[in-house]
Each structure stands twice: as C-alpha cells, then as structure tokens.
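A.B. asks: sequence unknown, structure follows:
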C-alpha cells in the first residue's frame, strides 16, 4: 500500500488507491483533499527549485530541458475536466453482473466502487507548446510521458504513450495547478499531464521526461496492464498487446448515494454525476427498476466538453427495497448501454446499473 501525504481519514483506503466516498461528491469541484488517488508507489517529494523535465527522442528536432520556472513563464490554459481511473466501477462487475474479479494471475485488481473519479480545474502549459519548442517532427508517432515514480513494470518511471494527435490537442496540458493551487504532492507536484477524456493512467504524475518517437512504443501499460482482454476480446486483433489498449473513457452516470443507500419514506431530492469522454451531456434519465417508465432528470451545473454534470431528481420513496437506475446521453450520440461485456481487468464498466436503496 503506497504512502500518501494527504490525510486519508475521510477517504476509502484501497490497495494502490484512495477512493472518494461518492456520496460525499456534493459540489461541482472535488476539493483537492477529497480527490481520489491512484498510485503505484509512495508519493515522491520533489523540490521544484531543482526539478527539470526533458523532452527528447527521434521524434523531435532538438532535445530540451525545462525547469519549473520555465513552465510557469509559458502561456497557461485552464481546462475543467474530470479525471477517472479506468477501473472505476470495477466492483460492479461482481456486485451487479456476478463476474468474479482478479482473473489475471499476476495482478490483484483495485476494487473501486463509484468514487475513483473527481472533477477539477487544471491549469498549465499546453503540451503542444512544449513539443513545438522541441521542434516536433512531422514523422513523430508517439509521445510518451515518463513519471518520476517507480512501479514494478518500469524501473525508471511509470509511462504510457499516446498518439501525436492527442498530445497536440490544445486541451492536453502539463498542469501545474489544481483548483487554483499548486498541485498537491499526491497529485503530481510539481508537474503532471492532464489528458482530458482519456483514462487516468495517461495523465502521468510527477513528470520527469517526455519521449517522442517516430515508432510505436509498446510498454507494460499498453500491452499488459491497461488492455481489454478475456473471452470477449480476441488477442490476435491486438498483438503484440495482450488485449485492446484502453485510451478513451466511456459515458457514465451514477447517483451520489452510499451503496447500498438507506432513506426514510417520503419525498427526496437526489443528485448524481454524469460524464462523457468528449461531449456535453444532453440528458440524464432515471427510473425505478420495478417500473419501466423513464423520467428526465434536471441538469443543474455547467456542462463542458471534458467535465461532468450534476443531475437532480425528485423521488417519492416508499417503504421497501428498491433499485434506482440512471442513464446518460451525450451530444455525440452516445447513451449508456444496458449491459457491457466483461474483461479480465474489470475496466470501463459503464452500463446502466441498479443502485440499491432500502427505505424504512
């Protein structure tokens, strides 16, 4: 279990992670001290005065080294974006679908509930501005950030590559602040990547260098760890990876209630959070599982491309055990599915799921 800097007493301790109790997500912005953490090792303590970051590789015309002050002096952009672990909702594969986890012999999966996600305003330099300083070549193929934290898979830093097109997107940031404050140590101080709409592993913390190559980079995280594998995922289609590499997030919605929840009979105004990988949410519907009628929930927050939205609904609770369902749709035409195929890593669970509620 990694060692963290923040006080974790109000968070749920998991192997390699701290989960935010989802029922505590009441505000649009997740406070830094309540934001979930997923780390492969202890939080490194880094001195910004001596820290530097290097950009190099055959995909750039010249290698450059930047200090914290260099990045602070560059033009900054603020991007409101949720950050979510690819394994968030993993426990629901067991709880809802009855699919046992931990099917990968060499790994123990972190059993995230609903709270491996948080919403923040990130500010920093655009990654593309840094790559342009290094004279990124037209032939560049992969941009691979490397962290200063060390995991079992990479002795000299956690890494995962992304295509140049995503790296050059104007909203992909080298973030220096989180919700207006310097990045907290657990969240990547002094500098981390923020890759909106993609699973959290791409938002590498504690940046040390960025490798830019003209060839495809195969690393542990896109060949073994963050891949969709199992009976429903043919291996041959993804070779040399052991499954389809995971990049983009999926559309989701969940109620901000304990699991299971306990309520008193009578009227309740409930809320939850819906998000999409790269489009505004256009609607959230809700239903009681015993009733085939769907109702429109009210969207009650800003609605940005990379951000989540708060939705609210009025429910007249009657005594007994109920299951509440929510279903989000986005501007790109995506809607949460009624079912998702299982994968051995328990990733990307986003089906319409029954939230158990006991009314007594």
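C.D. replies: Structure's in. What do you need? Quick caveat, the model's predicted, so the values are computed rather than measured.
A.B. asks: From the centre of this protein, point out the most distant residue.
C.D. replies: residue 319 (36.4 Å; Cα atoms, centre = their mean).
A.B. asks: Spatially, what comes nearest to the most centrally placed residue in the chain if we skip its sequence neighbours?
C.D. replies: Most central in the chain under Cα atoms, centre = their mean is residue 84, positioned 1.9 Å from the mean C-alpha point. If the residues on either side of it in the chain are set aside, residue 84 comes closest to residue 117, at 3.9 Å by Cβ to Cβ, 6 or more residues apart in numbering. To be clear about C-beta, it is placed using only N, CA and C from the backbone, and glycine gets the same treatment.
A.B. asks: show me the residues around the one you found that make contact.
C.D. replies: Residue 117 makes contact with 20, 36, 82, 83, 84, 85, 88, 273, 275, 308 under the criterion Cβ atoms under 8 Å, 6 or more residues apart in numbering.
A.B. asks: Show the model's pLDDT score for the fourth one.
C.D. replies: As summarised for this prediction, residue 83 has a pLDDT of 98.
A.B. asks: Quick check: phi and psi on it?
C.D. replies: Main-chain torsions, residue 83, degrees, to the nearest 10: phi -120, psi 130.
A.B. asks: which residues sit in contact with the nearest residue to it once chain neighbours are set aside?
C.D. replies: Ranked by Cβ to Cβ, 6+ apart and with sequence neighbours excluded, the top spatial neighbour of residue 83 is residue 200, at 5.3 Å. Applying Cβ under 8 Å, 6+ apart to residue 200 gives the contacts 38, 83, 84, 85, 86, 116.
A.B. asks: Recalculate using a threshold of 10 Å.
C.D. replies: Residue 200 makes contact with 36, 38, 82-88, 116-118, 194, 226, 249 under the criterion Cβ atoms under 10 Å, 6 or more residues apart in numbering.
A.B. asks: and it, how far is that from residue 189?
C.D. replies: Taking Cβ to Cβ, to the nearest Å as the measure, residue 200 falls 17 Å from residue 189.
A.B. asks: repeat for residue 103
C.D. replies: Noted for residue 103: a distance of 36 Å to residue 189, by Cβ to Cβ.
A.B. asks: So for those two, which sits in the more crowded spot?
C.D. replies: The residue with more neighbours, out of residue 103 and residue 189, is residue 189; 24 against 16, by other Cβ atoms under 10 Å.
A.B. asks: helix/strand/coil for the more buried one?
C.D. replies: coil (DSSP: H, G, I helix; E, B strand; the rest coil).
A.B. asks: surely it meets residue 124?
C.D. replies: No: counting by Cβ atoms under 10 Å, residue 189 sits too far from residue 124 to count as a contact (11.8 Å).
A.B. asks: re the thing from before, which of the contacts of residue 200 fall within strands?
C.D. replies: 38, 82, 83, 84, 117, 118, 194 (DSSP state E).
A.B. asks: between the residues you listed, which is closest to residue 155?
C.D. replies: The shortest approach to residue 155 among those belongs to residue 38, at 20.1 Å (Cβ to Cβ).
A.B. asks: ok, back up a step: neighbour-wise, give me the winner out of the ones in strands among the contacts of residue 200.
C.D. replies: residue 84 (28 neighbours).
A.B. asks: residues in contact with that one?
C.D. replies: With Cβ under 10 Å, 6+ apart, residue 84 has these contacts: 36, 38, 112, 115-119, 197-200, 203, 249-250, 252, 275, 277, 308, 348.
A.B. asks: With residue 50 instead?
C.D. replies: With Cβ under 10 Å, 6+ apart, residue 50 has these contacts: 67, 68.
A.B. asks: Could I get the phi/psi values of it?
C.D. replies: The phi/psi pair for residue 50 (degrees, to the nearest 10) is phi -110, psi -10.
A.B. asks: re earlier: surely the residue farthest from the centre of the chain touches residue 265?
C.D. replies: Yes: using Cβ under 10 Å, residue 319 is in contact with residue 265, at 5.3 Å.
A.B. asks: what touches both of those two?
C.D. replies: Counting by Cβ under 10 Å, 6+ apart, the residues touching both residue 319 and residue 265 are 359, 360.
A.B. asks: which among the contacts of residue 200 gets closest to residue 131?
C.D. replies: So of the contacts of residue 200, ranked by how close each gets to residue 131 (Cβ to Cβ), first place is residue 194, at 15.1 Å.
A.B. asks: Against residue 122, how distant is the closest one?
C.D. replies: 5 Å.
A.B. asks: Equivalent analysis for residue 351, please.
C.D. replies: Taking Cβ to Cβ, one finds residue 351 at 29 Å from residue 122.
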